[in-house]
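**Q** Below is the structure, and that's it, no one-letter string:
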């Protein structure tokens, strides 16, 4: 598969086989033949919200910090923060433009912007990311571990985390209650 999936959603199917990704919805931030990188959008971290994280990191803000969850973005670099945000704020040289609507920035400056009058319209912060080596994601897609979908603002920035997986599938006309791990035979 030589299709660039940057900006698409990966929606875990019951056959995923890895409990860390069960019912995950991932925004693919980068995809090439050599690697893929994405952020899990529907797994808030237990007991940590933005105000506590900003306090731990000693990030001062102009207006305070929204009381929002911090997401578990994936098992790679879990001590590093990644901000997914709207494209109205771009930090030259630091912001990865994912597609026409979403961007990712992983700098302390973006954290300070979140608590200021210059904040992006919408943002979400995740610790860690999900990564795949050369050809690994393509193998998982061929094994029906993931289905590829389109993101929307609610899936990326919404707080109904426990509903995002069903919502992502439902947008594609798939009833999550009818999905099974075992395949059928004809």
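**A** Now that the structure is in, tell me what you want to look at. Since this is a predicted model, take the numbers as computed values, not measurements.
**Q** what comes up buried for stretch 146-158?
**A** Within stretch 146-158, the residues that count as buried by 16 or more other CB atoms under 10 Å are 146-147, 149, 151, 155-158. Bear in mind the C-beta positions are built from the backbone N, C-alpha and C, glycine included.
**Q** Okay, and which of these map to helices?
**A** Among the buried residues of stretch 146-158, the ones falling in helices (DSSP state H) are 155-157.
**Q** Show the average pLDDT along stretch 6-16.
**A** Per-residue pLDDT over stretch 6-16 has a mean of 95.
**Q** a markdown table for the buried residues of stretch 146-158, including pLDDT and distance to residue 86?
**A** Written out in a markdown table, the entries for the buried residues of stretch 146-158 read as follows (pLDDT from 0 to 100; distance: CB to CB, whole Å):
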| residue | pLDDT | distance to residue 86 |
| --- | --- | --- |
| 146 | 97 | 25 |
| 147 | 96 | 25 |
| 149 | 96 | 20 |
| 151 | 96 | 12 |
| 155 | 96 | 14 |
| 156 | 97 | 9 |
| 157 | 97 | 8 |
| 158 | 95 | 13 |
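**Q** now, which of those residues sits nearest residue 103?
**A** Using CB to CB, residue 156 is the member of the buried residues of stretch 146-158 that lies nearest residue 103, at 10.9 Å.
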